[in-house]
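Peer 1: take this sequence and fold it.
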Amino acid sequence: MKVKGNILKARIAFVGQHFGEDAWANVLAAMSDDDEKQLSGIITNSGWYPFDVAARLDEAIVKVLGSGRTQVFEDIGKASARANLGSVHKGMLTPGDPAAFMAKADMIYRFYYDTGNREYEPTGPKSGVLTTHGAETFSAADCATVVGWYREALKMCGATNVMFKEETCRAKGGEYCRYTASWS
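Peer 2: Got it, this is the predicted structure:
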């Protein structure tokens, strides 16, 4: 499975902006020479990169900066939504209509991942369930990033009182990754 370069770039930018360049050097030092070389090279937003490299980057961030907790990835997801939906993917937003934005879940998924799909099922006019199926690889850190990304994206569409949480996770033994969403 592969992920878009903007996923890697969002993590790299977040580490540098919130923890400093020394922190990024420490994260790289915690990785293999091959991963360090790939992550130190030119990464393009539209390029495809191995999910395994992203997962190992996530593990290094958790180990070096997160004290073993994946909470930092919700913040990375938020920053990624702001960066990508505020510029290159701004057309995905539906200001004033968060439900219409959520209905684009599978199209949005395909911009970031090359395997699997994501479906949105409304449970009401301002709530629903988001489920990811068929992803070849997965990680708890990536799921935490999805939580932060969608919370922020819904706010960018005008939603308030956003509740977005992971209900089931493949990385934690679930059959699929499922999230519940509600907003005002």
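Peer 1: show the backbone phi and psi for the nearest residue to D114 once chain neighbours are set aside.
Peer 2: Excluding the flanking residues, the one nearest D114 by C-beta to C-beta, 6 or more residues apart in numbering is K2, at 4.5 Å. Yep, even glycine has a C-beta here, placed from its N, CA and C like the rest. Dihedral angles of K2 (phi, psi; degrees, to the nearest 10) stand at phi -130, psi 160.
Peer 1: kindly report the same for the one 5 residues further on.
Peer 2: With angles defined as degrees, to the nearest 10, I7 shows backbone torsions of phi -70, psi -50.
Peer 1: that one contacts V53, doesn't it?
Peer 2: No: taking C-beta atoms under 8 Å as the definition, I7 is not a contact partner of V53, at 10.4 Å.
Peer 1: between the two, who's got more neighbours?
Peer 2: I7 (25 against 18; other C-beta atoms under 10 Å).
Peer 1: surely A30 touches V64?
Peer 2: Yes: in this structure, A30 is within contact of V64 by C-beta under 8 Å, at 5.2 Å.
Peer 1: outside of the longest helix that the chain contains, which residues touch it?
Peer 2: The residue-count maximum for a helix in the chain (DSSP state H) belongs to helix 140-156. Helix 140-156 has contacts (C-beta atoms under 8 Å, 6 or more residues apart in numbering) with 7, 54-55, 58-59, 61-62, 70-71, 73-82, 85-86, 93, 95, 98, 101-102, 130, 132, 162, 164-166, 169, 171-172, 177, 179, 181, 183.
Peer 1: got it, and stretch 163-183?
Peer 2: Contacts for stretch 163-183 (C-beta under 8 Å, 6+ apart): 98, 102, 124, 126-133, 135, 138-140, 142-144, 146-147, 150-151, 154, 159-162.
Peer 1: ok, stretch 40-50 next?
Peer 2: 1-9, 12, 28, 38, 88, 114.
Peer 1: pull up the distance across it, start to finish.
Peer 2: With C-alpha to C-alpha, to the nearest Å as the measure, the first residue of stretch 40-50 is 15 Å from its last.
Peer 1: which residues of the chain fall in helices?
Peer 2: Ranges of helices in the chain, per DSSP H, are 5-19, 21-29, 33-40, 51-64, 72-85, 98-102, 105-112, 140-156.
Peer 1: so where is the chain shaky, pLDDT-wise?
Peer 2: Applying pLDDT under 70 to the chain flags the ranges 68.
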